[in-house]
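> the amino acid sequence is not available; the structure is as follows:
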């Protein structure tokens, strides 16, 4: 036999080839640190022994409801212990966790439940109104088993929609449920809907391998320590909370839950629980910097903050670092499991003046350790553009932390990949030192307070008004929200409507966070073929003309 | 289509499925931190830009010599820059790196070169005598291209055996060589021969996936920081230096090379280069603790030390921690890429008294984060034994960081795996808290009067005596008892104790039947890596030399 054949003669054994999955982390940590606190929420505290038992009961209870490989379990929840547990408990059955953005309108929730074919819906009673409306839209034979989360910390709606509470479900489950890995690390594990440039959101499918590697890469890149205390600010319904839930579990750390984030809540969590880390949208940084004096509490350690989205304004960055927070900026998309690019600081730049440092910090950065390649490509051909800091192309990403594809959408999946790269839809330049900097967005997406908003969806809502001939929505920079939707509207001949009237009108068809914050009435610039010149509208916004 | 089918409908794309390999690390670090120092050796310093270029030249030069997928490149070298470069440069061609223990005799070297079918041998001129003898044994038509490493730091033999030096080879290579990943992460990457108790050494085959995961797991478990400075004490020919070469590269750290390790060299490296980390056998800890006053140099940071093999004696541990070193104990085998079990300290134990803490620290520990499962099994059936701290069985390991198998040895490969576990050959108990504690090598148990006696336990008792540097216990045939324990003891410089005194001393810590019946004072034979050569002691006993 040739040496080539000798080296290839080995089969894989269960001993030396184990499916990569984030499911391994809680099993190990519960065995190793059973008495450490895993989760804190108000008066509730669960040790890793308890938390692992709750996850096993959950998996077992779900199995009794018919959940198994390839079955979708939808969840509408804030960052409560139930949401944390669903992240391991659903995957342990082989099922697929579909966390839904709690701010969505009933119509979109109904669409997601139908498209993802959820068999079980676990929902916090706080969302009873919108969930009930969504189930109504689906009709009486939707076949979804509804489980209510009745959180003592919820002081809002307590209406139950299902026959069983989450705690009932746990009680029905076996505490000794056999914790097993998926058959194949490429198996689907999570389903996250993301607003694209077309109206309906697309279902991004994650696999076990990707979530595992995301975890290990984040530990190395963010230099996460053992036993950290992590305050869960970024919603777990966003890219599974950037996967930090698994990293904290792997490191036997503590997760501090939150139903809503305020500056006071952040300072309280640091003071009460010695929080060392959190991740959140730039808007949270602004909240902290601008907190009322009486809401602040002193602390004497550095709190590590990961933030994603548009780079925070330099003034906010400077201010927050002075009061004890160290900010790490990352970039990513739902399709990339969250962060995939990081603005790694090079100590060679320490001596640059403030303005130069601000320029360097405004760049999105470089691929993270487990991102195989970040590049800027010609959107038509997929070929790399020169690293000259000037040629604009689309950010292309090659990584094991890229989705399998879009559920039930082979066309969009095919379009998402070109020449071995995932197409991010973000336009950028590549600087000679290998750092990418975003210049514009190829897709019509507005990122406001960490939420993706489709401009097409807003345009559709505005078009429903009888006076509107053409509506075009673009992102407008905003100190608080990062971006807000700004609508340009051309009225029909004789049509009449005021800005306030139109904003109020859109309220009927859009979730609150999607409503345009400004409406500009004008004749919209078009090409010779009648195509709207959105780049011209973006220029007007950028140059402060509106 | 059913949802099960929908979730399984996705193919893999080059964008979202990248072969796991440690080859990715140097490419990223060189792009990100080109001016950081990668390697220091005497007066030589290579930045990451230079080091990556040298690796690419090496890969290209080797390719011109016929190296490609499945071709073996053997290396006889100390921990010099060439050895570091071979770790990425050989794998980049698809070839397999076979690092050979430099202390081996010519006959065994010849056996390894023949069995591994090396096409290229890169060898430091310091080993010219044994390598020339090995090549003689292979005969004139061995067909191996010999490349000489001519290290300016080598003040020994400078005899060249080949037509080309290592620097000639680099000069022949393309500095812009295309750096590519393997086709398959399961492809062979390294070949490490390990000595069994009898017969010829076996060739352990590593794959890219295992080395990648070993790297990421070590960063998390050892909490390795960015830009660490790592002094390479553990030989790179031993499990690829426990894979630390890749972890340091991933973290853009600096490797300080060494041709030979002395206490003075360790203190000098810390003082000159601000070394923060190193890995080494317990014997190195003893060297540091017992260093001459004039060889010591002050330093004001903590140096992290990873050590493997038998747990260091408590006295050594206590002494070394007092002078600024923090020791992490790990356990592993060549077949497991090095460390796979770690004695993770639980802060709950901080309040235990010294003796209890010493008992806890003597345990090998728990599986590392990327070790799927460590257990203790019945060697016959592969079934788990009870976690009672008493039932002795064999340590079984399930992990992606387990070898593919033994080269050209399907029988030994088959025997190495049982019931989904790799058989370590080490006998241990599983404590109720999930920590394993080794009791003996499978072949190292002493059976006396029907009782099983652990030689490790006796050695531990003897180590408590202040005059004892090293103790090794083996079974001695006995007419009455079948076997009795026979101890070999190496005294500390200036240490004094008689055989009777030491036997009486051990009485305080051992059951009567476990006391050594004979003590032989001598310098104990060790391997190049500091492992005690018990088989030599057993031979002496068997041959009646003691």
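Good, I have the coordinates. The model shown is predicted, which means the values in this text are computed figures rather than measured ones.
> from chain B, how far off is residue A:483?
Applying Cβ to the nearest Cβ, to the nearest Å, one obtains 27 Å for the distance of residue A:483 from chain B. Where C-beta positions appear, they are placed from N, C-alpha and C, glycine not excepted.
> who's in contact with the closest residue to that residue other than its chain neighbours?
Nearest residue to residue A:483 in three dimensions, chain neighbours excluded: residue A:475, at 4.0 Å (Cβ to Cβ, 6 or more residues apart in numbering or on different chains). When the contact criterion is Cβ atoms under 8 Å, 6 or more residues apart in numbering or on different chains, the partners of residue A:475 are A:441, A:445, A:446, A:447, A:448, A:455, A:483, A:484, A:485, A:486, A:538, A:541.
> at 7 Å what do you get?
When contacts are counted by Cβ atoms under 7 Å, 6 or more residues apart in numbering or on different chains, residue A:475 touches A:446, A:483, A:485.
> do you know how far the nearest residue to residue A:404 once chain neighbours are set aside is from residue A:210?
Across the structure, with Cβ to Cβ, 6+ apart as the measure, the residue nearest residue A:404 apart from its sequence neighbours is residue B:10 (3.9 Å). Counting by Cβ to Cβ, to the nearest Å, the gap from residue B:10 to residue A:210 is 12 Å.
> quick one, which of those two is more surrounded?
Between residue B:10 and residue A:210, counted using other Cβ atoms under 10 Å in any protein chain shown, residue A:210 has the larger neighbour count: 28 against 19.
> does chain B have contacts with stretch A:207-221?
Yes. Where contact is defined by Cβ under 7 Å from any Cβ of the partner chain, part of stretch A:207-221 touches chain B, namely A:216, A:219, A:220.
> element containing the closest residue to residue A:490 other than its chain neighbours, please.
Nearest residue to residue A:490 in three dimensions, chain neighbours excluded: residue A:470, at 4.2 Å (Cβ to Cβ, 6+ apart). For residue A:470, the element it lies in under DSSP states H and E is strand A:468-478.
> show me what whatever helix or strand comes next after that strand is packed against.
Using DSSP H and E, the helix or strand that follows strand A:468-478 in sequence is strand A:482-491. Using 3 or more Cβ pairs under 7 Å, 6 or more residues apart in numbering or on different chains; DSSP states H and E as the contact criterion, the secondary-structure elements in contact with strand A:482-491 are strand A:445-448, helix A:455-463, strand A:468-478, strand A:518-521.
> picking that back up, quick check: helices, which of the residues of stretch A:207-221 next to chain B are part of them?
Assignment to helices by DSSP state H places the following of the residues of stretch A:207-221 next to chain B there: A:216, A:219, A:220.
> I'd assumed residue B:220 was in contact with the first one.
Yes. Applying Cβ atoms under 7 Å, one finds residue A:216 in contact with residue B:220, separated by 6.4 Å.
> more crowded one of these two?
Under the neighbour definition other Cβ under 10 Å, residue A:216 and residue B:220 were set side by side, and residue A:216 has more, 26 against 21.
> need phi/psi at residue A:106.
phi -50, psi -40 (degrees, to the nearest 10).
> buried ones in the strand holding residue A:470?
Neighbour-count burial for strand A:468-478 flags A:468, A:470, A:471, A:472, A:473, A:474, A:475, A:476, A:478 (criterion: 16 or more other Cβ atoms under 10 Å in any protein chain shown).
> what sits against the fourth one?
Taking Cβ under 7 Å, 6+ apart as the contact definition, residue A:472 lies against A:459, A:488, A:524, A:532, A:534, A:537.
> if we can go back for a sec, looking at the buried residues of strand A:468-478, which is nearest residue A:275?
When the buried residues of strand A:468-478 are ranked by distance to residue A:275 (Cβ to Cβ), residue A:478 comes first, at 27.5 Å.
> tell me which residues touch residue A:67, please.
Taking Cβ under 7 Å, 6+ apart as the criterion, residue A:67 is in contact with A:73, A:93, A:95, A:119, A:120.
> rewinding a little: identify, from the residues of stretch A:207-221 next to chain B, the entry nearest to residue A:287.
Nearest to residue A:287 among the residues of stretch A:207-221 next to chain B, counting by Cβ to Cβ, is residue A:219 at 27.2 Å.
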